[in-house]
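Colleague: Below are the sequence and a predicted model for it; my questions follow.
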Amino acid sequence: GTFLRASLGITGTVPLIGINTDPTRSRGRLCTTTADGLERLLTKMEAGDFEWQKRHRVQVSLRSIGSDSKRGRILRHCALNE
């Protein structure tokens, strides 16, 4: 959930690393590492021994056809395709 929310604020091609800080309570499906593995991950990245996983985001626009006050209003939402 946190990783998905963070991705909504990013535009363009900015890398995002997910760190699962509580693997006993959270699956962290999209996370790259745990807090315990962060130093090892950073070392691998610095050495060029890391491959980014690219994810695709989808943007959906909905046009309201409700009451006159809301008619034509466009709602935009982004989603990360996991």
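Modeller: Structure received.
Colleague: And the helices in this protein?
Modeller: 2-8, 38-46 (DSSP state H).
Colleague: could I get those as a markdown table with mean pLDDT and distance to Lys54?
Modeller: From N, CA and C alone the C-beta is placed, and that goes for glycine too. Formatted as a markdown table, these follow (pLDDT from 0 to 100; distance: least, C-beta to C-beta, whole Å):
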| stretch | mean pLDDT | distance to Lys54 |
| --- | --- | --- |
| helix 2-8 | 77 | 12 |
| helix 38-46 | 94 | 16 |
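Colleague: hey, which of these is tucked in deepest?
Modeller: helix 2-8 (a mean of 14; mean count of other C-beta atoms under 10 Å).
Colleague: list the helices and strands that helix packs on?
Modeller: Judged by 3 or more C-beta pairs under 8 Å, 6 or more residues apart in numbering; DSSP states H and E, helix 2-8 is in contact with strand 74-81.
Colleague: looking at the helices of the chain, which is closest to Leu62?
Modeller: Counting by C-beta to C-beta, Leu62 lies closest to helix 2-8 out of the helices of the chain; the figure is 16.2 Å.
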